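sequence first, predicted model second:
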Amino acid sequence: MVKVAVGLALEAELERENEDSSVLDRLLHLYASPDPAAVKALHDELVGSDSFENREVGLWLELALTGRQPDFDWREVVIDMQETELDLFNLAYLIETSEHKNRFRALGLLDWVDSIESCVSNIRGGNWILAKIDANRAVNESLAESVEKIRENEDFRGTVDEHRKATKDYFEKVLKLPCKSNIPEGRLDTILEVQGLLIEFKRRYRLEPADMVLSDVALYAVERLGVAEDYLLDPKTGVEEAGYEVGLVSEHLKGKVESIRDQETRAWVVKLMERVEFLFSRVPAKPLPVEGFGHPGVESRFEKKSRRRSSLIR
């Protein structure tokens, strides 16, 4: 579980445009050699950072930490957050229907509202890591330039300041929610295989974002592997749903590899394609709706025997 948590943090870091590679380097080292004590140290450092993006990366590491019980009633926090959500929505409506409309746009307020609403939903659903990430985003959106522009008006300043403070307080309370994971342990090996592929594609694209051929190959693979990972992390979703996404990546890479002229890039894609195909051969999956694909005699994984085995795994 420690490596999965580090991998999720690493994925978040790879999506950033961060010239400072120190966090990335530390995460790569921890992914290669997971160390719970070092993970906790990095988590504490990042979550305590002034950087919104650093905090978000650090929050993913909580999945590797030992759970604890909150010392407050989260239901009361949810009620307070909903009041803030309503007040901000009313302020946005007031701005959009008033004489200030042309000078102050309420889009920043609505982003702030959306993050609070998502946080409430995730708290109620027990998705506390996502709730913390939403609360962190709400803090960041409360400080957005568009919100600061609204604050310039004395009529709105008091309301904005009040709810900025409240949002920061919510974040500090939500941070105290238990560190817990409901990721099925039986899926951890498969998650790590999908995650490893996803990180490889993200790292290469981060290094060469202007390479159009690489973009054509990598971006779709990242999208579908990301969906597969989400399915595997969710105990309510069948493993075969993730297998379907892996199958899409397999077909995508087969269709692209012949058109890659650069030998080094082609060799890299072929290597990852072989890993994807090996993974696809081992993960239960529903047949893809492509002629000749996923049918008995074409893909042995979908012979009747394999289908029965897949249904048992579900």
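Here it is on my side, so go on. Residues are numbered from 1 along each chain as shown.

please count neighbours and contacts with C-alpha atoms only from this point.
Will do.

which stretches of the stretch 51-200 of the chain form helices?
Counting by DSSP state H, counting those that start in this stretch, one finds helices in the stretch 51-200 of the chain at the ranges 52-60, 74-96, 107-124, 128-142, 145-151, 154-174, 188-207.

select, out of those, the one closest to P34.
helix 188-207 (12.8 Å; CA to CA).

mind listing what's buried along the very next helix or strand once past that closest one?
Where DSSP states H and E defines the elements, the next helix or strand beyond helix 188-207 is helix 212-233. Buried positions in helix 212-233, judged by neighbour count with 16 or more other CA atoms under 10 Å: 214-215, 217-218, 220-222, 224-229, 231-233.

mean neighbour count and distance to P34 added to the helices of the stretch 51-200 of the chain, as TSV?
TSV is the format used below for the helices of the stretch 51-200 of the chain (neighbours: other CA atoms under 10 Å; distance: least, CA to CA, whole Å):
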stretch	mean neighbour count	distance to P34
helix 52-60	23	14
helix 74-96	17	32
helix 107-124	21	28
helix 128-142	24	20
helix 145-151	17	39
helix 154-174	17	26
helix 188-207	18	13
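
and these as TSV, adding mean pLDDT and distance to V270?
What follows is the helices of the stretch 51-200 of the chain, written out as TSV (pLDDT from 0 to 100; distance: least, CA to CA, whole Å):
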stretch	mean pLDDT	distance to V270
helix 52-60	90	31
helix 74-96	89	49
helix 107-124	90	40
helix 128-142	92	35
helix 145-151	89	45
helix 154-174	92	44
helix 188-207	89	12
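
next, format these as CSV and append distance to H252.
Below are the helices of the stretch 51-200 of the chain laid out as CSV (distance: least, CA to CA, whole Å):
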stretch, distance to H252
helix 52-60, 30
helix 74-96, 43
helix 107-124, 33
helix 128-142, 31
helix 145-151, 41
helix 154-174, 41
helix 188-207, 14
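
quick one: closest of those helices to E17.
helix 188-207 (8.6 Å).

what comes into contact with that closest one?
Contacts with helix 188-207, where a contact means CA atoms under 8 Å, 6 or more residues apart in numbering, come from 1, 3-4, 7, 10-11, 14-15, 214-215, 218-219, 221-222, 225-226, 228-229, 232-233, 272, 275-276, 279, 283.

go on, stretch 228-235?
Counting by CA under 8 Å, 6+ apart, 182-184, 187, 190-191, 194-195, 237-239, 241-246 sit against stretch 228-235.

same question, stretch 242-252
So stretch 242-252 is contacted by 217, 220-221, 224-225, 227-229, 231-232, 273, 276-277, 279-280, 283-288 (CA under 8 Å, 6+ apart).

quick one: contacts for I183?
L232, L233, D234, P235.

domain-wise, how is the protein divided?
2-64, 74-174, 185-313 (automatic domain parsing).

how much space between the nearest residue to V257 once chain neighbours are set aside and E258?
Distance criterion CA to CA, 6 or more residues apart in numbering; nearest residue to V257, sequence neighbours excluded, is R266 at 6.4 Å. According to CA to CA, to the nearest Å, R266 stands 8 Å off from E258.

again, but for V147
Taking CA to CA, one finds V147 at 50 Å from E258.

check A5 too.
On the measure of CA to CA, A5 and E258 end up 35 Å apart.

look at these two and report which has more neighbours.
Higher neighbour count among A5 and E258: A5, with 22 against 10, using other CA atoms under 10 Å.

give me the distance between E152 and G158.
10 Å.
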